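>>> Quick one: sequence plus predicted model below, questions after.
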Amino acid sequence: MGKTIRAIGLMSGTSMDGIDVALIETDGADDVVRGPCATFAYEAAFRSDLAAAIAETRTLPDRVTRTPSLARVEQDLTNRHADALAQFLQRQGLTPGDIGIVGFHGHTVLHAPERRLTVQIGDGAELARRSGIDVVYDLRAADCAAGGQGAPLAPVYHRALASKLPQRPLVLLNIGGVANV
């Protein structure tokens, strides 16, 4: 077993209801201890702006192109994640120095794995600057480019959870935008 670190995951999902923040402690292999979590709700106006920006993405030719409204929403989304992270840390009595890494999913605005294309908005470098914590982000792109479905962390997390369970065979159901078994 390796050194245990605290990691925070940030997610804004297809429901567009808000930002989910979750803390785990892990050795990065088999040991995962789930900690506190919270949701920071989006107000109706931002959900509307996000939905409008997503509607514009249907014709994006690649991962880096941004329409003006998509760029504005991306900046707003990043700021909201930075604020949610700061509020979460404060509520938990933690400082940025207590956290080893932040996993920043951002928000998926275009997902076409059959085209090996996925686009998530959210500026991970800006989030790292604002939070003072190392941030990994844009996690889905390489998985899709390699022919995957854009969920590279799910199998690793599921393996860690299953490693402690004696039952075999074992099925894990991941219900997100779609259900994965």
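It's in.
>>> Tell me which helix or strand I19 sits in.
Here I19 sits within strand 18-26, counting by DSSP states H and E.
>>> Tell me the strands beside that strand, with direction?
strand 5-12 (antiparallel), strand 32-41 (antiparallel) (DSSP bridges).
>>> Deepest-packed of those strands, please.
strand 5-12 (a mean of 20; mean count of other Cβ atoms under 10 Å). Any C-beta I mention is one placed from the backbone N, CA and C, and that applies to glycine too.
>>> average pLDDT for that one?
The pLDDT scores in strand 5-12 average 92.
>>> Please name the spatially closest residue to P96 (chain neighbours excluded).
G132 (4.1 Å; Cβ to Cβ, 6 or more residues apart in numbering).
>>> Next, count neighbours for the one you found.
11 (other Cβ atoms under 10 Å).
>>> Surely it is in contact with D98?
No - counting by Cβ atoms under 8 Å, G132 stays clear of D98, with 11.1 Å between them.
>>> helices and strands around the lengthiest helix in the chain, which ones?
In the chain, with assignment by DSSP state H, the single longest helix is helix 68-92. Contact partners of helix 68-92 among helices and strands, from 3 or more Cβ pairs under 8 Å, 6 or more residues apart in numbering; DSSP states H and E: strand 5-12, strand 18-26, strand 32-41, helix 44-56, strand 101-112, strand 117-121, helix 124-131.
>>> Could you give the backbone dihedrals for the residue nearest to P96?
phi 80, psi 20 (degrees, to the nearest 10).
>>> any idea how far D17 is from it?
G132 sits 27 Å away from D17, going by Cβ to Cβ, to the nearest Å.
>>> Return the set of buried residues in stretch 90-97.
Residues of stretch 90-97 classed as buried by neighbour count (16 or more other Cβ atoms under 10 Å): Q92, L94.
>>> before we move on, what about stretch 13-30?
Buried-residue list, stretch 13-30, by 16+ other Cβ under 10 Å: G18, I19, D20, V21, A22, L23, I24, T26, G28.
>>> Which residue, other than its chain neighbours, is closest to the residue nearest the centre of the chain?
Computing the C-alpha centroid of the chain and ranking residues by Cα atoms, centre = their mean puts H105 first, at 2.3 Å. Among residues not flanking H105 along the chain, M11 sits closest, at 4.6 Å (Cβ to Cβ, 6+ apart).
>>> thought that neighbour was touching T108?
No - applying Cβ under 8 Å as the test, M11 and T108 come out as separate, 9.9 Å apart.
>>> For stretch 11-19, which outside residues touch it?
10, 20, 22, 39-42, 47, 50-51, 77, 80-81, 84, 105-108, 122, 176-177 (Cβ atoms under 8 Å, 6 or more residues apart in numbering).
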